[in-house]
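S.K.: dropping a prediction and its sequence here:
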Amino acid sequence: MVQKIRVWTGVLLLTLVINVFGPNAIGKEQNSRMVMDQAGRRVVIPGVVNKIVTTFKPATLCVLSLGLAPKLIGVDTSSKRDRLSKAVFPKINQVTGIGNKSMGINFETLVSLEPDLVILYSQKDGLQVADRLASLNIPAIVILPESFQTIRLSLKLIARAVGGETNILAVEQQMDNLLHLIRERLKDLPQEKRKTGYFASSRGVFSTTTGNMIQHEIFTTAGIENVSGELTGYFQDISPEQLFRWNPDLMVLSRHMKRSETKRLSNKALSRVTAISTQQVFRCPSSLSPWDFPSPLSVLASLWLAKRVYPDYFVDIDLLDKTNEFHRVLFGKTMDEMGGGLDDTIQWDR
Amino acid sequence: MRSANPKGKLLILSLVLLILFLVSVSMGRVFIRGTDLLTLVINFFSGNETAKDLLSRELVFWWIRVPRCLMAILVGSGLAISGAVYQALFRNPLVSPDILGVSAGCTFGAALGLVLPFDSFYLVHVMSFGFGLVAVSMSIALARMIAIKAVMILVLAGMVVLSFFNALLMILKYFSDPYEQLPSIIFWVMGSLSRVTWENVLVMAPFTLAGILLFILLGFRLNILSLGDIQARSLGMSPSFFRRLLIITSSFMVAISVATCGQIAWIGLIIPHMARAIAGPEHERMIPMTALLGAIFLLAADTLARTVSSAEIPVGIITALTGAPIFGYLMIKNRGSGWL
């Protein structure tokens, strides 16, 4: 009997030791990790992340580009309608919509999904939502992708928070390659040949971006001086006179600007703005998903713009080839295969 | 002060408006020299061709600045005068033109125009104007169905309609795409004169001027209406007919303003009080004073909004920042005088 007790005690102890110090436990210890998000918050991710919720389109695009689509269990409502998201991950239709940044997130829906990771924005109530989720032991990270560098940091942060295999190296390489290509080609562009540009936001022709936004970097990387770069904050409204004063050589309209708003460009009052008189006004690609959004795709916007404005420096570059390759690496399908196109011209109402 | 020569005061205010207009059209983000301005004006009236180097400035001056300043005058006077009429009709100094849901209806109409698939530039304006009038009609119809204490019920009906259209706007915003539709709705709703064209001025001017003229002509009747229905009837006037006429006309003026420039707050509320403080309560004198003060106020606010920095300051911020303290001051100054 004593012998049996000794044997069972031994088995129990061994089990305990294996559980506490065994390979699984070590694995768990390794999987549990702390990340610092872009709002400076320390977030502990307890284990493997299998259920991700995104709350705004740039976050969804980052997750898709990292090859993490199957882990999405909740997305911002807008991403459910996004052509690229639907092409890359057709099941996104069945993923729960949790609201959006602009009109608010349904917190209860978000919690009911029991996500392993929630990716939030830093504006509006993003930080408060993150803290509320933390109090419910739901890990939430805040990302702030507003430049090529911070997009890369966002991607790295997501990859590290999710753990396991991601597409991060390939995505970074694609971004680096394109940025390197543009910089190399434009390095000898004389200062006096550099053009000035104006970006009109989705709010309208007289609403523009500031020096703190991704569109500014898209311009500067493409060798274009952003006329509204001196402004700070987010979208700012300007007067038509200010547009006249800046008199940009070219204008880029947000992908999301309503087509009826472009009729304002035909107003006689603006007819002597250089960009309008020379019809150097373009709509930012693409028909699949906006490149003027903070996501890895925004690098493509710089290449597109640089080639549009300085074609002589990119004669041998086939933009569609580059775009298709970029999409293939990030999303597993080329832009052509997904039925997308640049769609960057506007209709002049004259 | 009040009994002092009213015509003299009107003349002074007209002169102030003229000077402000001249200052305003000569100021802006594009610098135009005084001599160039003079050349542009002379060329315009003489039919001379403008020199090539002045063509850009000519466009800025005649196609951006002048219509915008004129629109500020029209909208400012239209909103102010509508406020004065509403305050007289409802015998309530806290009433402003959007009390019957006009602004809320206009805003909803514009937002609906922006999310509809047709994506038409003119549809937004037409829908805005149309829904503004629908909102007023609903308020009047609702009040008539209840048919007791006409004035008070009309205000309450207006609040119902206002809340209803605000709710519809919220629903529309909730279901609109946050990237494609919502930004344009927000931009449109925020009052601004930056989108003004000559076309807008030419549509707006006849209605506003006709409205101002009508209100001046009916100033005496407004005095009687502001005494109450019983007094009006005893003086042989049909209060319901004139009330309806005045409400519809002033609502029409507000609707056309909001449909063109979005919502601009405070003018309809504070300017009539300022005019009353200068000209007294008689509407024959107070209405033209209100129109002039409204025009001066919005023209000054808009000039500031478009000139102080590269980014345009929303004019509503300036009208609220200046309007709120003025209103507070008037409340304190007139306490115990039966003003409120």
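M.R.: Good, I have the coordinates. Residues are numbered from 1 along each chain as shown, chains lettered A, B, ... in the order given.

S.K.: in the stretch 1-150 of chain B, where is pLDDT below threshold?
M.R.: B:1-4, B:119-121, B:149-150 (pLDDT under 70).

S.K.: who's in contact with the residue in it positioned nearest to chain A?
M.R.: Nearest residue of the stretch 1-150 of chain B to chain A: B:W63, at 3.5 Å (C-beta to the nearest C-beta). Quick note: C-beta positions are derived from backbone N, CA and C, even for glycine. Counting by C-beta atoms under 8 Å, 6 or more residues apart in numbering or on different chains, B:W63 makes contact with A:N267, A:K268, A:A269, B:T197, B:W198.

S.K.: and the residues you listed as TSV, adding neighbour count, pLDDT and secondary structure?
M.R.: Output for the contacts of B:W63, formatted as TSV (neighbours: other C-beta atoms under 10 Å in any protein chain shown; pLDDT from 0 to 100; DSSP: H, G, I helix; E, B strand; the rest coil):
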residue	neighbour count	pLDDT	secondary structure
A:N267	19	84	coil
A:K268	12	86	helix
A:A269	22	85	helix
B:T197	19	88	coil
B:W198	16	91	helix
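
S.K.: can you tell me which of those lies nearest to A:L117?
M.R.: Using C-beta to C-beta, A:N267 comes nearest to A:L117 of the contacts of B:W63, at 48.0 Å.

S.K.: and the contacts of stretch A:40-48?
M.R.: Stretch A:40-48 has contacts (C-beta under 8 Å, 6+ apart) with A:28, A:31-37, A:116-117, A:127, A:130, A:134, A:139-142, A:161, A:163-164.

S.K.: residue numbers of the stretch 51-200 of chain B in contact with chain A?
M.R.: Proximity of the stretch 51-200 of chain B to chain A, by C-beta under 8 Å from any C-beta of the partner chain, involves residues B:55-56, B:59-60, B:63-65, B:114, B:119-121, B:123-124, B:173-174, B:177-184, B:186-187, B:190, B:192, B:194-195, B:197.

S.K.: generate a PyMOL selection restricted to the buried subset of the contacts of stretch A:40-48.
M.R.: Only the buried entries of the contacts of stretch A:40-48 go into this PyMOL selection, using 16 or more other C-beta atoms under 10 Å in any protein chain shown:
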select buried, chain A and resi 35+37+116+117+127+130+139+140+141+142+161+163
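
S.K.: give me the phi and psi angles of B:A265.
M.R.: When read as degrees, to the nearest 10, the backbone of B:A265 gives phi -80, psi 170.

S.K.: show me the shaky parts of the stretch 1-150 of chain A.
M.R.: Ranges of the stretch 1-150 of chain A meeting pLDDT under 70: A:1-31.

S.K.: point me to the residue of it nearest chain B.
M.R.: The stretch 1-150 of chain A approaches chain B most closely through A:S102 (3.9 Å), counting by C-beta to the nearest C-beta.

S.K.: tell me, how many residues neighbour that residue?
M.R.: By other C-beta atoms under 10 Å in any protein chain shown, the residues close to A:S102 number 20.

S.K.: the stretch 51-200 of chain A: strands as residue ranges?
M.R.: A:52-54, A:72-75, A:96-97, A:99-100, A:104-105, A:117-120, A:140-142, A:195-200 (DSSP state E, counting those that start in this stretch).

S.K.: what's in contact with the last one?
M.R.: The one in question is strand A:195-200. With C-beta under 8 Å, 6+ apart as the criterion, strand A:195-200 contacts A:206-209, A:215-216, A:218-219, A:223-228, A:243, A:246-254, A:257, A:275, A:292, A:305, A:309.

S.K.: who does the following helix or strand past that strand touch, helix- and strand-wise?
M.R.: Heading C-terminal from strand A:195-200, the first helix or strand you meet, by DSSP states H and E, is strand A:207-208. With contacts taken as 3 or more C-beta pairs under 8 Å, 6 or more residues apart in numbering or on different chains; DSSP states H and E, strand A:207-208 sits against strand A:195-200, strand A:236-237.

S.K.: so which bits of stretch B:207-215 are buried?
M.R.: Those would be B:F207, B:T208, B:G211, B:I212, B:L214, B:F215, for stretch B:207-215 by 16+ other C-beta under 10 Å.

S.K.: how about a markdown table for the strands of the stretch 51-200 of chain A, with distance to B:S309 added?
M.R.: Output for the strands of the stretch 51-200 of chain A, formatted as a markdown table (distance: least, C-beta to C-beta, whole Å):
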| stretch | distance to B:S309 |
| --- | --- |
| strand A:52-54 | 36 |
| strand A:72-75 | 38 |
| strand A:96-97 | 39 |
| strand A:99-100 | 31 |
| strand A:104-105 | 31 |
| strand A:117-120 | 32 |
| strand A:140-142 | 30 |
| strand A:195-200 | 17 |
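
S.K.: among the ones you listed, which is the most enclosed?
M.R.: Highest mean neighbour count among those (mean count of other C-beta atoms under 10 Å in any protein chain shown): strand A:52-54, with a mean of 29.

S.K.: spatially central residue for the chain, please.
M.R.: Went with chain A since none was named. The centre of chain A sits closest to A:S295, judged by C-alpha atoms, centre = their mean, with a distance of 2.2 Å.

S.K.: should've been chain B
M.R.: Nearest to the mean C-alpha position of chain B, counting by C-alpha atoms, centre = their mean, stands B:L79 at 2.4 Å.

S.K.: that one and B:N334, how far apart?
M.R.: Note on B:L79: its distance to B:N334, by C-beta to C-beta, to the nearest Å, is 22 Å.

S.K.: A:G74 too?
M.R.: Plainly put, A:G74 is 57 Å away from B:N334 if you go by C-beta to C-beta.

S.K.: repeat for B:E49
M.R.: Taken as C-beta to C-beta, the span from B:E49 to B:N334 is 56 Å.

S.K.: out of the two, which sits in the busier spot?
M.R.: The neighbour count for B:E49 versus B:N334, taken as other C-beta under 10 Å, is higher for B:N334 (15 against 7).

S.K.: and A:T345, what does it touch?
M.R.: The neighbours of A:T345, taking C-beta under 8 Å, 6+ apart as the test, are A:F282, A:R283.

S.K.: try it again with 10 Å
M.R.: A:T345 makes contacts with A:Q279, A:V281, A:F282, A:R283, as judged by C-beta atoms under 10 Å, 6 or more residues apart in numbering or on different chains.

S.K.: can you tell me the element A:V44 falls in?
M.R.: Per DSSP H and E: A:V44 is located in strand A:42-45.

S.K.: given that strand, what are its sheet partners and their directions?
M.R.: Sheet pairing for strand A:42-45, assigned by DSSP bridges, gives strand A:33-36 (antiparallel).

S.K.: list the contacts of the partner strand.
M.R.: A:41-47, A:117, A:139, A:141, A:156-163.

S.K.: buried among the residues you listed? Need that as a selection in ChimeraX.
M.R.: The following ChimeraX selection, which keeps only the buried ones among those, applies the criterion 16+ other C-beta under 10 Å:
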select /A:43,45,117,139,141,156,157,158,159,160,161,162,163
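
S.K.: could I get the helices and strands packed on strand A:207-208 as JSON lines with mean pLDDT?
M.R.: Below are the helices and strands packed on strand A:207-208 laid out as JSON lines (pLDDT from 0 to 100):
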{"stretch": "strand A:195-200", "mean pLDDT": "96"}
{"stretch": "strand A:236-237", "mean pLDDT": "90"}
